[in-house]
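Novice: The following block contains a protein sequence and its predicted model.
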Amino acid sequence: MSAMASTAPSGRGGAYYRERGWWRDETLATWLDGAAESAPDRPALVTSEGVRSYDRLRSRARHVAAGLAALGIAPGDVVAAQLPNREEFVVGYLAVGLCRAVFQPVHMAYGPAEMEPLLRHSRARAVIALTTVKDRPLAQNLPAMRQALPDLKLVITVGDRLPGTCAFADLLDATEAPSRATPLPNDPFLLLYTSGTTASPKAVPASYPGFLGNARLCAAALGITADSVVLSAAPFTHLYGLCSFHLALATGATTALLPAFTPSDLDVVVRRERPTHLFTAPAHVAACLNAGLLASDALSSLRAVVISGSACPPELARTVEQRLPAGRVLQLWGMTELQIGALTRPEDGLDVRTTTAGSASPGTELRITSPDGASVPPDTEGELEVHGSSVFRGYLDNPAANAAAFTADGWFRTGDLAVLDAAGHVRITGRLKDLVNRGGVKINPADVEALLNEHPAVLESAIVPMPDPVLGERACCFVTLRDGATFTLDDMRAWLASRNVAKLRWPERVEVVDAMPFTPTRKIMKRELAKRLASDVR
């Protein structure tokens, strides 16, 4: 993998972080060894097919690592994987780390048009992929892609065997052997792409100290221990989902696997595996509630339901907490560039846990700035900037993005709008790029969306800017509706008027859609909605 940028936060460094215990000499391999040696029979993974102990998981990872090394995977090589949350993902992730190679997760929804630019940018040497999913070919497309990707040498399939590829099952049969190169604590081990960046990829190389230290410290803050069972509704191809596995591995806890989210499938796994910690997004929770699920009897094992991925309406968080017989709702805020930046703790009060993303994670500092870069007083909206032990050092081979990403004094510009109160609790209020610039007046649509989502006809809403020849931009509101419901522009105006919303902030157009375009963590992709309006000036 090519060298990443060398942007470094000012005033802090590795020695500072190590002195405070935020960085340690830890790798995925040392965590796996520690769990396998201290409690070899403890369940590491549980699936619909059974239980995999830590000792067995380590053995399988070592076999696959030996097989990858025999196929020529060397330290620093990038190995991509397009797999759902199943055992092969976890084994492959650990095996790539044992080879001192770099793991690149690829979202399951991506086809050749989305994958090719990312694999070209990362110079991936190998791809591990399902042969098919829901009758959609995945790995079948990859051998032909090698003609356009000179660095791509191996396609490894999970499922049916394909000509010109290797089978993941054969790697499991490789002779177990120590890795040719022991993983080192400063190794880059993960390459993550921020969403929607195939034209100008923004790739985040993660090294062990920042991300593993962040997971170790946050696991303690969230109350995750060796006796915990962790379940993610989010896919491991997204850092939020993968972070839940980091939290489990850091403590030697058990990971329950949900291959793909549907409300009914999540309900089945929660009832069967009895997790103690469930990681979800607001849209996961809302979909389950709308389906009549998340009953209290199913949630009795849960000590925490963690909600992240997008801003969670307080009433939704409170509804979930009311259904938890012995648990609490927690929230966290994070980004691909830093993993967990803020989180609520179980000991926080109900208001903090349902209305904020909590306070800074250990080793992290937060500040809010105005458009001119000055710090603002508490309870004032501005851009959230972050600085700390888990913050990445720069995007891979993208100097323009790096120049825009960091302030002169080394703080990372998140692009999130937020408010920080006097006690240090952060509330995310929107995204800078989501503001509607209506004749020079910049309008944050987040709270208007929250009000629209309370309308009895509306399931979800998303307000995006649409081109306007006079004002530059106006606002268009996309909505999905409950069965049999209708929702017109006049309905929207009447609803917002009844909620005392200033007319300046009312959208000028309503579009009803069958479904919203979602990221893997069920965040609405507003840029996809905006594309529908880009050439439709009204």
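Specialist: Sure, I can see it.
Novice: Find the nearest non-adjacent residue to Glu508, please.
Specialist: Leaving aside its chain neighbours, Glu508 sits nearest to Arg474 (4.7 Å; criterion: Cβ to Cβ, 6 or more residues apart in numbering). C-beta here means a position set from N, CA and C on the backbone, and glycine is covered the same way.
Novice: And Arg438, by the same measure?
Specialist: Leu471 (5.3 Å).
Novice: For Lys531, see how far away the one you found is.
Specialist: Distance, Leu471 to Lys531, using Cβ to Cβ, to the nearest Å: 20 Å.
Novice: before we move on, what about Ala226?
Specialist: 47 Å.
Novice: Over to Leu451?
Specialist: 26 Å.
Novice: Now do the same contact list for Val102.
Specialist: Neighbouring residues of Val102 by Cβ atoms under 8 Å, 6 or more residues apart in numbering: 1, 76-79, 96, 188-191, 205.
Novice: Dig out what it forms beta bridges with.
Specialist: As for beta bridges, Val102 partners with Val78 under DSSP bridges.
Novice: could you show me where the helices are in the stretch 1-150 of the chain, in order?
Specialist: Taking DSSP state H, counting those that start in this stretch to define them, one finds helices in the stretch 1-150 of the chain at 14-19, 28-38, 54-70, 87-98, 112-122, 142-145.
Novice: Centroid-wise, who is the farthest residue in the protein?
Specialist: Among the C-alpha atoms of the chain, the one most distant from their mean position (Cα atoms, centre = their mean) is that of Val470, at 38.3 Å.
Novice: one step back: so what's the backbone phi/psi at the residue nearest to Arg438?
Specialist: With angles defined as degrees, to the nearest 10, Leu471 sits at phi -90, psi -10.
Novice: go on, the one 4 residues further on?
Specialist: Here the main-chain torsion angles of Ala475 (degrees, to the nearest 10) amount to phi -110, psi 140.
Novice: Correct me if wrong: it contacts Ser461.
Specialist: No. Between Ala475 and Ser461 there is no contact under Cβ atoms under 8 Å: 11.3 Å.
Novice: Tell me which of the two has more neighbours.
Specialist: Ser461 (24 against 20; other Cβ atoms under 10 Å).
Novice: okay, now Val512: neighbour count?
Specialist: 15.
Novice: And for the one 10 residues further on?
Specialist: Other residues within reach of Arg522 by the criterion other Cβ under 10 Å amount to 22.
Novice: My guess is it contacts Pro282. True?
Specialist: Yes. With contact defined as Cβ under 8 Å, Arg522 reaches Pro282; the gap is 7.5 Å.
Novice: which residues are in contact with both of these two?
Specialist: 309-310.
Novice: Which residue ranges of the stretch 151-300 of the chain form strands?
Specialist: Secondary structure of the stretch 151-300 of the chain (DSSP state E, counting those that start in this stretch): strands at 154-158, 166-167, 188-193, 203-207, 229-232, 254-256, 277-280.
Novice: other SSEs contacting the third one?
Specialist: This means strand 188-193. strand 102-105, strand 203-207 (3 or more Cβ pairs under 8 Å, 6 or more residues apart in numbering; DSSP states H and E).
Novice: before we move on, back to that, any chance of the contacts of Val102 in JSON lines with pLDDT as columns?
Specialist: Compiled in JSON lines, the contacts of Val102 are given as follows (pLDDT from 0 to 100):
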{"residue": "Met1", "pLDDT": "56"}
{"residue": "Gly76", "pLDDT": "96"}
{"residue": "Asp77", "pLDDT": "97"}
{"residue": "Val78", "pLDDT": "98"}
{"residue": "Val79", "pLDDT": "98"}
{"residue": "Val96", "pLDDT": "97"}
{"residue": "Pro188", "pLDDT": "93"}
{"residue": "Phe189", "pLDDT": "97"}
{"residue": "Leu190", "pLDDT": "98"}
{"residue": "Leu191", "pLDDT": "98"}
{"residue": "Pro205", "pLDDT": "97"}
